[in-house]
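S.K.: I need the structure of the sequence given here:
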Amino acid sequence: MRNLLAAVAAVVSIAGLVVIGGTSTAGAAPVCAVDYKLNQWSTGFTANVTVTNQSAPVTSWKLTWTFAGNQSISSGWSADVKQSGAVVTASNMPWNGTLGTGASAQFGFQATYSGTNAPPTDFAFNGVSCSGDQTTTTTTTTTTTTTTTTTTDQPPVGCGTAALCDDFEQQTGTTPAGRWTVGAANCTGQGSVSIDNSVAHSGSKSVRVNGASGYCNHIFFGTRVDGSSGAVHGRFYVRHTTALPMAHVTFMAMKDAGDAGKDLRMGGQNSALQWNRESDDATLPEQSPAGVAQSKPLPTGRWNCVQFTVDPAGRISTSLNGEVVNGLVVDGVSTPDIDSQWLRKTGWRPAVTDLRLGWESYGDGANTLWYDDVAVGSSPIAC
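M.R.: Numbering: from 1, shown residues only. So this is what the prediction gives:
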């Protein structure tokens with residue numbers, strides 16, 4: 001019996017981790033603890049922040065800190081994140097302001113920098129230092145002040161403890177921005193990605209992908225994730241117009257650092273859902289009549305909840321609209337017509353580094369798709 005690992009949500013990669021907390025000079029417990037996780041590259045970074053209230057219960061909170069360098073925040077989520085000069089204030093949203101003693105709230109942001117990117121150390125919770133001293137935050141107004149408010153009045157659907165949970169309501173442009181990058185490794189041709197203000201699973205916005213047929217029309221929007229240290233759980237809602245074709249197509253891809261940077265892909269073939277491993281072209285399930293029968297089509301004209309788990313031990317689980325798809329499970333025990341071909345590659349230990357949603361057609365197969373309520377993290381989240 002295959003265990004349902006499935007659910008939701010891939011993790012933002014951790015290039016730096018700082019945990020702040022201490023006691024006051026009088027020996028009292030600290031008012032808060034801050035877990036500040038960095039994923040950075042040469043000119044930018046994302047930070048996922050968990051603040052834990054270690055004092056009396058509160059009904060609202062503000063976390064403040066000061067950057068030591070030239071960091072500049074461009075977008076945020078799950079908090080009202082504002083920056084003035086080097087000083088940053090993250091305030092709760094209506095849905096995560098109440099924190100009992102020991103309770104935590106999570107939020108994040110994306111920013112740019114140059115030179116060094118030292119994590120801040122002077123966090124204060126409602127004006128009280130997380131090291132125990134009373135602090136006063138001084139805001140200096142300059143001509144380069146950046147103010148960013150990128151969250152909505154309601155949480156994205158099913159956030160739970162996801163490190164990334166996006167319903168795209170904060171997007172103000174015509175294409176996904178902030179944490180998302182649009183493009184493809186090869187030619188994009190007629191493929192396109194846009195913010196759609198008329199179709200949504202929740203709220204009023206989604207991401208629309210116009211997927212054309214043919215190799216040179218690949219198109220995705222993607223973000224970094226880190227599957228190097230634990231299982232990646234993902235969940236997204238997808239709606240599309242055209243049934244999956246007989247030919248091989250992809251609507252989700254993840255770069256696998258554990259497999260020479262080749263893609264781990266989810267899509268379809270023989271009109272049913274499948275996984276495909278780029279390095280050896282193995283499919284899950286096998287493309288035999290008995291194998292395809294253990295998969296399912298992706299229904300058209302409705303929102304579908306797709307959940308997946310990719311485990312660094314080499315296991316995969318997949319669910320569609322809350323039900324496990326038996327043909328899309330790798331449990332380590334070879335099953336004819338399902339994962340026996342997949343398991344012939346010994347020592348496969350996935351370490352995914354990104355999540356890309358969009359459309360790849362390798363021959364026939366155009367489609368229009370909408371994506372919404374995308375969640376990735378280190379623990380499952382249901383539809």
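
S.K.: buried set for the one helix or strand residue 263 maps to?
M.R.: Counting by DSSP states H and E, the element that carries residue 263 is strand 262-269. For strand 262-269, the neighbour count (16 or more other CB atoms under 10 Å) marks 263-269 as buried. C-betas here are computed from N, CA, C, even on glycine.

S.K.: and for stretch 188-195?
M.R.: When neighbours are counted by 16+ other CB under 10 Å, the buried residues of stretch 188-195 are found to be 188, 191-195.

S.K.: stretch 313-326 too?
M.R.: In stretch 313-326, residues buried by neighbour count (16+ other CB under 10 Å) are 314-321, 324-325.

S.K.: what's the answer for stretch 365-376, then?
M.R.: Neighbour count says stretch 365-376 has 365-367, 369-376 buried, by 16+ other CB under 10 Å.

S.K.: quick one: these as CSV, columns for secondary structure and distance to residue 359 too.
M.R.: Formatted as CSV, the buried residues of stretch 365-376 follow (DSSP: H, G, I helix; E, B strand; the rest coil; distance: CB to CB, whole Å):
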residue, secondary structure, distance to residue 359
365, coil, 8
366, coil, 8
367, strand, 6
369, strand, 6
370, strand, 12
371, strand, 11
372, strand, 16
373, strand, 19
374, strand, 16
375, strand, 21
376, strand, 19
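
S.K.: could you export these as JSON lines, including distance to residue 306?
M.R.: Listed next are the buried residues of stretch 365-376 as JSON lines, based on distance: CB to CB, whole Å:
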{"residue": "365", "distance to residue 306": "18"}
{"residue": "366", "distance to residue 306": "20"}
{"residue": "367", "distance to residue 306": "15"}
{"residue": "369", "distance to residue 306": "11"}
{"residue": "370", "distance to residue 306": "13"}
{"residue": "371", "distance to residue 306": "10"}
{"residue": "372", "distance to residue 306": "12"}
{"residue": "373", "distance to residue 306": "11"}
{"residue": "374", "distance to residue 306": "10"}
{"residue": "375", "distance to residue 306": "11"}
{"residue": "376", "distance to residue 306": "12"}
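
S.K.: looking at those residues, which is nearest residue 166?
M.R.: residue 374 (5.1 Å; CB to CB).

S.K.: roughly how far out does stretch 31-44 sit from the chain middle?
M.R.: 16 Å (CA atoms, centre = their mean, to the nearest Å).

S.K.: ok, which stretches of the stretch 201-350 of the chain are strands?
M.R.: Taking DSSP state E, counting those that start in this stretch, the strands of the stretch 201-350 of the chain run over residues 206-211, 219-224, 232-240, 249-256, 262-269, 272-277, 282-284, 304-311, 315-320, 323-324.

S.K.: point out where the stretch 1-150 of the chain drops to low pLDDT.
M.R.: In the predicted model, the stretch 1-150 of the chain carries pLDDT under 70 at residues 1-29, 77, 94-95, 132-150.

S.K.: if we go to 80?
M.R.: When residues are selected by pLDDT under 80, those of the stretch 1-150 of the chain lie in 1-29, 39-43, 46, 48, 74-78, 93-95, 106, 108, 110, 131-150.
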